[in-house]
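>>> take a look and give me a structure for this.
(2 chains)
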Amino acid sequence: MLTRLVGGRVIDPGNGRDAVRDVFIRDGRIVDARPGVTADETYNVSNKIVMAGGIDIHSHIAGNNETMGRLLLPEQRYPSEFPHPGHYPQPRGAWNTFETGCLYAAMGFTTVVEPAVLPHHALQAHLELADIPIIDKATLTVLGNDDFLLDLLHRREGANAIRGYVAWTLASSRGLGIKVINAGGAAAFKDNVRTFALDDEVPGYGVSSRAIVKALQLAVHELQLPHPLHVHCNNLGIPGNVETALATIAAAEGLPLHLAHLQFYGYGKEGPRGFSSGGARLAEAVNAAKSVTVDVGQVMFGQTVTISCDVLRQFNARNGARPKKWMIYDGDSNGAGIVPYDYRVTDFFNAVQWAVGLELFLLTNDPWRVFFTTDHPNGAPFTAYPEIIALLMDRDLRAEWMSRLPKEALAVTTLASITREHTLTDIAIMTRAAPAKLLGLKDRGHLGAGALADIAVYEPGDNRTKMFREAALVFKGGQLVVRDGAVLDHPFGRTFRSQPDYERAINARMRDYYEERYGISPDLMTVSDAAIGRPEPFEIVPCLN
Amino acid sequence: MAEAWIRSKSAALDVAIAEAANLLAGSRFPVIAGLGTDVAGARAAVELAQCLGGAIDHMHSEFLLRDLDVMREAGMMVTTPNEARLRADFLLLVGPGLLETWPALPTELFGKRRTVWLCPDTAVKDASAYKNIDVVGDASFDLPVMLAVLRARCAGRPAANAPVAMAAIDALVGELREARFGVAVWSAAQHDRLTIEMLCGLVNDLNQSTRFSGLPLATADNADGVQQVTGWMTGFPLRTGFGRGLPEHDPWRFDASRLIDSGEADCALWISAYGTRPPAWKRGVPLVALTAETGTPRAHVTIAVGRPGIDHNAVEHLPATATLAALSAGKPSTAMSVATVLGRIIAALPAARRC
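Below you'll find the predicted structure:
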């Protein structure tokens, strides 16, 4: 069957195009127009904006930590109204897997990456992802606080052993890429370390945080994984931590490195409260470091909950919980913490955080290297994206927001002086074309022939929030799933994984290690198709080259 | 092989499935209880409850909710049994019932570290068999007061009414503070919420200067695993209802025994795939039972199911790692899984009630 979207303005930066033209879909993929062929189905999208389906590279949507957050905050909801047809049996508005898929789809997003899955939590994460409808998913597997890796580094076993271990872990946990979170920090915290910086060493191993990051960066690069090492730096949230982020950017040393939720590292120590924006300095460093990509982790105001494997940071933050309750977890070779937080318009620090995020968006020159995230739900729930897009595209709207924020907070930022307004093309790059490229998804994020027909159609208007919250039409693999922001159907997508080659000698070694360290077979922690309970739950993304 | 029974008479499986679907679909407000099942069974149970607009509860919800209430009202630091085994240099055992809840506790955790057990000595079986364990408490030992006094002394505050000599308490406080990675172990089945909150508060306070964490022992019948499933599928823990089309969580309202004994629920589906544990409610109610062995009393329809991880592969909560794990069938059989049976019941519902 041939489907034709007629007359829309197609913004497709992946193919360098922005023009009024028709888009054709056959068998779930985009095809070129052929003269004389009549479409079986036609949608008139004239005066509308057509983009590829949105891709979110960093959103905590599944896994033990997310669900512990749900259990900790039964009062938490997705803060967005969302019209469902009445016949859907599933609940509405609750913070659960079904709503996650529907709310992303309604905004025109069709692929989302869960960026922090501990190897022992992979099975649950994939089960949760399997219950998120419509969108495709992927996970990043967390390494960098695990005894096995730290011991490899301690004993200087070399890059080959580390590559084998990284590939084995990816295979077992079915991850697309590797994430490192406050490298060594969770391990150090178990030894009663309370602050941990890039050149601090993990007690007992004599290995620095920097050495862990560099070893993993190299392994990911040499394995040719489709996504570069994804780094959550040390010292998250601490005044003056802009120096940590700058040092980490410098540590990339020309190899690909992705820095997550950079906003949370954009803090100087200037000003009357000893807390100021380092956003401009960070943006300048990002502009200069061409091998580095970043996502923002924008803060928006309202109740949310912070969920992180940076157990050291979460432990230190627990007494500031809003409301006052929290969970701190010393896990197997890892850690995590759940701390609710209410970002307040009247709070000096929260206002600075909000401004830092926007500075990073607006002062980073190359939209191909800056990604659109709130670090859901840490900076804000992902349902805040439409508001953020509106703020980026409209300096008057920003001025209106700033007029409601503490003046002394804005005074330690540069936001008021920034006049840049993002274009729709900038938005399409940050939310479509660039993420697809960064994840190695060649048939996503663009609308060229052969691409998967994941398509979002928006009704342009003065109210950009409404435009991006309620897509006019969304196609997932060619199937119409959303009309006027309402979900019509909820097919289940797949989860992307990578499968790098590695020397199988590591298999026996890991079996011995698990028996000795955990007293169990690693098979118990291994994710398989059969355990997921849906047909063809995974799709392999080829490694680079 | 008999797989199903209607009023204790052997029945064809299809007939029993149809009868179960009719009973459930014909009820005003059914409750799906017991929920002793693996992750796949729990996913199917949530789906069925949504179709029917019923409620879900687990046979051990009461214990789960004690720990959960402390976490969601105050805060909690926890670790895993493995991490405790590898790292703990001090073990604080709190209250009775630990060996009953986790029989592997002595082999996993005893012997290699200083261990103090706060418990009436009359409730500790064979304590003398375990070397290096000091049991603190006589037959009339008041554990909640002991924890309160310990916490007060840890904070440098005066305390009265100590159940043991203050010198012994202060000596223990010294040991707790000097631990490099201490772990406090308890079973929620044995304590009320305030006792657990006091213990978790003590653990938190100790982290002012050293590292300490908590180890709440896992509850039986995969209760911890089922709670994760309802957490991600509904956004809520157990005792959640779908009667108004939305999931709503209320530990009192959706207590299965209360719903049935009060007459609010008019039909029940009881799931007990790990054994034959019977429901605790007292009132007679049309009952569909999915059990690993026959013999649930008063069931209108009984369907035999396999034991997760024994008769069939299963994903369930693994206490050692405190995560979900993929178990291979120990003794594979043709017995059906809970998920399979529930899937067939959902398929047999009238179209208007199907998801």
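
>>> mind giving me the domain ranges of the chain?
Chain wasn't specified; assuming chain A. Using automatic domain parsing, the domains assigned to chain A come out as A:1-59+A:443-493, A:302-343.

>>> ah, I was thinking of chain B
Using automatic domain parsing, chain B is parsed into the domains B:4-60+B:221-353, B:65-216.

>>> and among these, the most buried is which?
domain B:4-60+B:221-353 (a mean of 21; mean count of other Cβ atoms under 10 Å in any protein chain shown). For every residue, glycine as well, the C-beta is placed using N, CA and C.

>>> could I get the average pLDDT for that one?
For domain B:4-60+B:221-353, mean pLDDT rounds to 95.

>>> now do the end-to-end distance for that domain.
Across domain B:4-60+B:221-353, the terminal residues are separated by 23 Å (Cα to Cα, to the nearest Å).

>>> any idea how far it is from the chain center?
15 Å (Cα atoms, centre = their mean, to the nearest Å).

>>> stretch A:430-443 now?
On Cα atoms, centre = their mean, the centre of stretch A:430-443 falls 12 Å from that of its chain.

>>> returning to that earlier point: among the domains of chain B, which comes closest to A:His258?
Closest approach to A:His258 among the domains of chain B (Cβ to Cβ): domain B:4-60+B:221-353, 26.7 Å.

>>> so where's chain A uncertain?
A:80-93 (pLDDT under 70).

>>> ok, back up a step: would a markdown table of the domains of chain A with distance to chain B and mean neighbour count be doable?
Putting the domains of chain A into a markdown table (distance: least, Cβ to the nearest Cβ, whole Å; neighbours: other Cβ atoms under 10 Å in any protein chain shown) gives the following:
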| stretch | distance to chain B | mean neighbour count |
| --- | --- | --- |
| domain A:1-59+A:443-493 | 11 | 19 |
| domain A:302-343 | 4 | 23 |
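
>>> and these: which comes nearest B:Asn132?
Here domain A:302-343 is closest among the domains of chain A (Cβ to Cβ), at 23.3 Å.

>>> ends of that closest one, how far apart?
5 Å.

>>> over to stretch A:147-166?
Stretch A:147-166: ends 13 Å apart by Cα to Cα.

>>> contacting residues around it?
Stretch A:147-166 is contacted from outside by A:143, A:178, A:184, A:187, A:202, A:205-207, A:211-212, A:215-216, A:218-220, A:222-223, A:333, A:502-503, A:505-506, A:510, A:513, A:517, using Cβ atoms under 8 Å, 6 or more residues apart in numbering or on different chains.

>>> buried subset of those residues as a ChimeraX selection?
Selection of the buried residues among the contacts of stretch A:147-166 in ChimeraX, burial being defined by 16 or more other Cβ atoms under 10 Å in any protein chain shown:
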select /A:143,178,184,187,202,205,207,211,212,215,216,218,219,220,223,333,502,506,510,513
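
>>> count the residues that sit near the residue nearest to A:Ala247 when sequence neighbours are not counted.
Leaving aside its sequence neighbours, A:Ala247 sits nearest to A:Leu198 (Cβ to Cβ, 6 or more residues apart in numbering or on different chains; 5.3 Å). Neighbourhood size, A:Leu198 [other Cβ atoms under 10 Å in any protein chain shown]: 22.

>>> could you look up the SS state of A:Val23?
Counting by DSSP: H, G, I helix; E, B strand; the rest coil, the backbone at A:Val23 sits in strand.

>>> in the chain, which residue is closest to the centre?
With no chain named, the answer covers chain A. A:His58 (0.4 Å; Cα atoms, centre = their mean).

>>> that answer is for a different chain, and I need it for chain B
Mean-position check on chain B, Cα atoms, centre = their mean. Result B:Thr219 at 3.2 Å.

>>> can you give me the strands for the stretch 151-300 of chain A?
Counting by DSSP state E, counting those that start in this stretch, the stretch 151-300 of chain A has strands at residues A:177-181, A:201-202, A:207-208, A:230-232, A:257-259, A:267-268, A:276-277, A:292-295.

>>> which helices and strands sit right next to the helix or strand hosting B:Ile169?
Per DSSP states H and E: B:Ile169 is located in helix B:166-178. Contacts defined by 3 or more Cβ pairs under 8 Å, 6 or more residues apart in numbering or on different chains; DSSP states H and E place helix B:166-178 against strand B:90-94, strand B:114-118, helix B:143-154.
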